[in-house]
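1. My questions are about this predicted structure, shown below with the sequence.
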Amino acid sequence: MNTSPIVRDFRAGLADGKLLIQQCDDCGKPNMWPRYACPHCQSDNLGWTESGGKGDLHSFCVLRQGAPEGFDGDLPYALGVVKLDEGVQLLVRLEQTGPDDWSGYECDDRVEFVSKEEGRECALFRRTGG
């Protein structure tokens, strides 16, 4: 599979246990998902910075059926939109709070990056204590 360099860099970070976000080396602003030009100043001088991996869960859903092709073997799983403390949002997988259970989550929960989910190039998050 021919993957673009910006996706490869993000996935390589996950494989190393790091959550990377793209940052403009000219204006200093972060952005996510990776782009070829900064959405703030249009510069193509973009690099990567490691996120602190903490943020707020804005919304989430549990998929029990109807997964996209290639993901049906993963069912059930939960997806969430997390706004990182750095100000960018991304789509993540949520760690279970019990067997096939995500009932411990609520919108606006504080969450943190756990790791790359085994077998998938997805960021995995879980609830934090604070």
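-> Received it, and whenever you're ready, just let me know what you need.
2. buried residues in the helix or strand harbouring residue 126?
-> Element membership for residue 126, per DSSP states H and E: strand 123-127. Residues of strand 123-127 classed as buried under the neighbour-count rule (16 or more other CB atoms under 10 Å) are 123-127. In short, each C-beta sits where N, CA and C put it, glycine included.
3. Quickly name whichever of the residues you listed is closest to residue 115.
-> Within the set of those, residue 124 lies nearest residue 115; the separation is 5.8 Å, counting by CB to CB.
4. now the end-to-end length of stretch 47-65.
-> Taking CA to CA, to the nearest Å, stretch 47-65 runs 38 Å from one end to the other.
5. for the record, mean pLDDT for that stretch?
-> Taken as a whole, stretch 47-65 has a mean pLDDT of 94.
6. ok, back up a step: what's the strand holding residue 126 in contact with?
-> Residues external to strand 123-127 that are found in contact with it (CB atoms under 8 Å, 6 or more residues apart in numbering): 14, 19, 57, 80, 82, 90, 92-95, 97, 104-105, 109-117.
7. That strand pairs with which strands, and in what direction?
-> Take DSSP bridges as the rule and strand 123-127 pairs in its sheet with strand 89-94 (parallel), strand 110-116 (antiparallel).
8. Noted, bye for now.
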